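1. No letters, just coordinates:
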């Protein structure tokens, strides 16, 4: 380089490009809730097109958004974080693939849910619970395949 002048590039640097996560990514297409008093639980289901994503469900002191770690407001006194990886809830143009407004639910213990992020192949939701004794409710997880080729992940919360 010439002192005071622009630097000369004397070699090339090759930067590898990381391929996107395996295609196709699971895409969220629906969320539904239901109360089952006779069976003793309330359920929220997450329906995916494509492969079934990995998922993690855990009690947390507060649900935070994926990427920014901002708090998510939920009804209740106990909170579940539900994370799918890899998964997304948007199409190639950035439009939503499912109707995802936060929902207040008036079931005995399952009180609401909200999106907590759709960021870089990670999809997170928060569930607000109201246990009658103030502790943690038993949670049951399940998977099923539908005839239309979609895959369902169900989160069941005990009603009392």
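-> The structure has been received and is ready for your questions. Predicted, not measured: the structure shown is a model, and the values here were computed from it.

2. beta partners of the residue nearest to the spatial centre of the chain?
-> The residue lying closest to the centre of the chain (Cα atoms, centre = their mean) is residue 124, at 2.5 Å. Beta-bridge partners recorded for residue 124 (DSSP bridges): residue 83, residue 117.

3. pLDDT score for it?
-> In the prediction, the pLDDT value recorded for residue 124 is 96.

4. One more: residue 56?
-> pLDDT, read off for residue 56, is 94.

5. now residue 104
-> Model confidence at residue 104 (pLDDT) stands at 86.

6. and what of residue 73?
-> For residue 73, pLDDT reads 94.

7. What about it, how many residues nearby?
-> Neighbourhood size, residue 73 [other Cβ atoms under 10 Å]: 11. From N, CA and C alone the C-beta is placed, and that goes for glycine too.

8. Over to the one 5 residues further on?
-> Residues lying near residue 78 (other Cβ under 10 Å) number 20.

9. Beta-bridge partners for it, please?
-> Beta bridges link residue 78 to residue 129 when assigned by DSSP bridges.

10. Quick one: residues contacting the residue nearest to the centre of the chain.
-> 63, 65, 66, 81, 82, 83, 84, 115, 116, 117 (Cβ atoms under 8 Å, 6 or more residues apart in numbering).

11. For those, give me JSON lines that also has pLDDT and distance to residue 102.
-> Output for those, formatted as JSON lines (pLDDT from 0 to 100; distance: Cβ to Cβ, whole Å):
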{"residue": "63", "pLDDT": "97", "distance to residue 102": "11"}
{"residue": "65", "pLDDT": "92", "distance to residue 102": "12"}
{"residue": "66", "pLDDT": "82", "distance to residue 102": "15"}
{"residue": "81", "pLDDT": "95", "distance to residue 102": "15"}
{"residue": "82", "pLDDT": "96", "distance to residue 102": "14"}
{"residue": "83", "pLDDT": "95", "distance to residue 102": "17"}
{"residue": "84", "pLDDT": "95", "distance to residue 102": "17"}
{"residue": "115", "pLDDT": "94", "distance to residue 102": "7"}
{"residue": "116", "pLDDT": "95", "distance to residue 102": "10"}
{"residue": "117", "pLDDT": "92", "distance to residue 102": "13"}
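
12. which one of the residues you listed sits closest to residue 32?
-> residue 82 (14.0 Å; Cβ to Cβ).

13. Give the closest residue to residue 104 in space, chain neighbours not counted.
-> In space, and not counting its chain neighbours, residue 104 is closest to residue 112: 4.7 Å by Cβ to Cβ, 6 or more residues apart in numbering.
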